[in-house]
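1. Provided below are the primary sequence and the corresponding predicted coordinates.
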Amino acid sequence: MSEERAKVKLAARSSARPDEGLASRLAAVEILYRVDQESGYADVLLGVRLPDFALADRRLITRLVLGTLAWQGRVDYELKHLTGRKLDGIQSAALAIMRMGLFQLRFLDRIPQHAVVDTAVSIAKRIPEARKASGFINAVMRRATRETAPMPPREPNEKSFLAVAYSHPPWMVERFVDWFGVPNAERLMTANNDAAPNVIRLNLAHGSRAEIIEKLTADGFEIGAPGRAPETLILNGAPHFESRAYRDGLFHAQSEASQMAARMLAPRAGATVVDCASAPGGKTTHLAEMIGERGRVIAVDLNFNGLKNARGLARRLRHRNVEFVCADLMNAAPLAPSSVEYVLLDAPCTGLGTLREHPEIKWRLKPADPARMAAIQSRMLDNAAALVRRGGAIVYSVCSIAPEEGDGVVDSFLASHSDFAIDRGVAAGELKDVIDARGFMKTRPDVGGLDGFFAARLIRK
């Protein structure tokens, strides 16, 4: 970490005790700064910082960080007007402060404007590298309370307008419009900027649904709606990771679409399952629960630290039927060909379906990334499918809505593997409302509130 970055981090942390009201905003600025300058991931950084704060502050910090990142394109468009400068010429910590301040002014009506301005200046004075810019920040924030930048006209360049209005990169807007049409693209981008629901997967290997919900309620959880599967539960509030239910391994935070991808494999009890690209372990442990103690999950991943995290999750959830193998599936599968009945490949992808949880990736992805990832996914699918014995099944899934990473990968695979076919039987099961005419699972945030996932169940003839 550079000296400047260290100062920003230390300034934020050293302020937590003397002024608790300002501490949460300082923590949010620190995270935004590190996401921007260190290519950090907001969810990881939030996970490190949030335990230092009370529940109400955690919610505020999360909203400030994820909201500012989601609306960064719109905010930056207006900051260029308000500052009269190119943003890359503004000191990085000062820019993070103004982005968060403008997000609050435009999207959080419950916070008084004068309080937003005063807080932005106070934060700047607490961070040595931004202190000299406190007067500039004050002037810009005050101007923002009096005027807004005019939006670009919708005609003649509608996609440029949409990019600003919905805070998405222009190239991404073009793809969404090409894939789904303008009305659906607008609904999708609106959903991308909303907060994702808080979903947990109950560990039914260690209690019934009713028993676990009773314990969650006793721990202060705000129980919301049920999900499609018995183990899925939507919370009204955020999960309490310091709760007894969490420590006892009674649940794991996991999006509903992610759970559905594992459900699609539908392994029989007692089976052996290979989970390729298994880190950080959500689907691995889900499969371990589904097959029961007499079954076995072989979790494969190239990322050693990711496997360590998956092992830790399996221990917390008390699943003893998981083995971990560090291997590169891009080269070859680490097991004998045609040796297992069930394989899951949740392949690395662009993450275009998870922009609610990971808004920063909007600003990092490039137009060539879906095609680049599709080439990686195709090679991994070839190697993973080689493990499936006759009569067995493989589920290929990605948390992306890009056709190149979904239909395109599967179609290319089927064209060169005549011994595999799409299993259309899943269309008659519990997932039927998200299965298309070809038998593919497709979900989107604007359709049912689910993360954007693609999954296909393929059987070896």
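-> Structure received.

2. can you show me the strands along the protein?
-> For the chain, the strands defined by DSSP state E occupy 198-202, 223-226, 232-235, 251-253, 272-276, 296-301, 322-326, 340-346, 388-398, 420-422, 441-442, 454-460.

3. nearest to residue 99, of these?
-> Nearest to residue 99, of all the strands of the chain, is strand 198-202, at 25.0 Å by C-beta to C-beta. Just so you know, the C-beta spots here come from the backbone N, C-alpha and C atoms, and that holds for glycine as well.

4. with just CA atoms, put the closest one into CSV.
-> Backbone C-alpha positions of strand 198-202 (Å, rounded to 0.1, in the frame of the first residue of the first chain) are rendered in CSV as follows:
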residue,chain,number,x,y,z
ASN,A,198,-30.7,-10.3,1.8
VAL,A,199,-31.0,-14.1,1.2
ILE,A,200,-29.6,-16.9,3.3
ARG,A,201,-29.5,-20.7,2.8
LEU,A,202,-30.6,-22.7,5.8
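
5. how far is it from where the chain is centred?
-> Strand 198-202 has its C-alpha centroid displaced from the chain centroid by 14 Å (C-alpha atoms, centre = their mean, to the nearest Å).

6. do stretch 93-106 as well
-> With C-alpha atoms, centre = their mean, you get 23 Å for stretch 93-106.

7. next, count neighbours for residue 269.
-> 10 (other C-beta atoms under 10 Å).

8. I figured it hits residue 295, correct?
-> Yes: counting by C-beta atoms under 8 Å, residue 295 is a contact partner of residue 269 at 6.5 Å.

9. give me the low-pLDDT residue ranges for the stretch 251-400 of the chain?
-> For the stretch 251-400 of the chain, no stretch is flagged by pLDDT under 70.

10. distance of residue 278 from residue 206?
-> For residue 278, the distance to residue 206 equals 21 Å [C-beta to C-beta, to the nearest Å].

11. now do residue 342
-> Distance of residue 342 to residue 206, computed by C-beta to C-beta: 23 Å.

12. repeat for residue 458
-> Taking C-beta to C-beta, one finds residue 458 at 32 Å from residue 206.

13. which one of those two is surrounded by more residues?
-> Legend: neighbour count by other C-beta under 10 Å for residue 458 and residue 206, higher for residue 458 (22 against 16).

14. since we're on residue 248, how many residues are nearby?
-> 17.

15. swap that for residue 357, sorry
-> For residue 357, the count of nearby residues is 17 (other C-beta under 10 Å).

16. with adjacent residues omitted, what lies nearest to it?
-> residue 196 (5.2 Å; C-beta to C-beta, 6 or more residues apart in numbering).

17. give the buried residues for stretch 107-115.
-> 107, 113 (16 or more other C-beta atoms under 10 Å).

18. for that stretch, give the mean pLDDT please.
-> Averaged across stretch 107-115, the pLDDT comes to 90.

19. C-alpha coordinates for that stretch, CSV please?
-> Taking C-alpha atoms only, stretch 107-115 is exported to CSV below (Å, rounded to 0.1, in the frame of the first residue of the first chain):
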residue,chain,number,x,y,z
PHE,A,107,-30.5,9.9,-3.7
LEU,A,108,-30.8,10.0,0.1
ASP,A,109,-33.5,12.6,0.8
ARG,A,110,-33.7,11.8,4.5
ILE,A,111,-30.3,13.4,5.1
PRO,A,112,-30.5,17.3,5.3
GLN,A,113,-28.4,19.0,2.6
HIS,A,114,-26.5,21.2,5.1
ALA,A,115,-25.5,18.1,7.1
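
20. what's in contact with it?
-> With C-beta atoms under 8 Å, 6 or more residues apart in numbering as the test, stretch 107-115 has contacts from 63, 67, 71, 104, 105, 145.

21. ok, now stretch 207-214?
-> With contacts defined as C-beta under 8 Å, 6+ apart, stretch 207-214 is touched by 202, 203, 204, 206, 215, 223, 230, 231, 233, 245, 250, 251.

22. any idea how far residue 400 is from the most centrally placed residue in the chain?
-> A centroid search over the chain (C-alpha atoms, centre = their mean) returns residue 357, at 3.8 Å, as the residue closest to the centre. Distance of residue 357 to residue 400, given as C-beta to C-beta: 13 Å.

23. same thing with residue 360?
-> The gap separating residue 360 from residue 400 is 16 Å, by C-beta to C-beta.

24. which one's more surrounded, the two?
-> The neighbour count for residue 360 versus residue 400, taken as other C-beta under 10 Å, is higher for residue 400 (26 against 21).

25. run a quick neighbour tally on residue 195.
-> Per other C-beta under 10 Å, the neighbour tally for residue 195 reads 12.

26. now do the contacts for it.
-> Going by C-beta under 8 Å, 6+ apart, residue 195 touches 63, 66, 356.

27. residue contacts, the second one?
-> When the contact criterion is C-beta under 8 Å, 6+ apart, the partners of residue 66 are 42, 195, 356, 357, 359.

28. distance of the most far-flung residue of the chain relative to its centre from residue 127?
-> Relative to the centre of the chain, the most outlying C-alpha is that of residue 135, 36.4 Å out, by C-alpha atoms, centre = their mean. For residue 135, the distance to residue 127 (C-beta to C-beta) stands at 14 Å.

29. can you lay out the contacts of residue 195 as JSON lines showing distance to residue 330?
-> As requested, these are exported to JSON lines (distance: C-beta to C-beta, whole Å):
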{"residue": "63", "distance to residue 330": "38"}
{"residue": "66", "distance to residue 330": "32"}
{"residue": "356", "distance to residue 330": "29"}
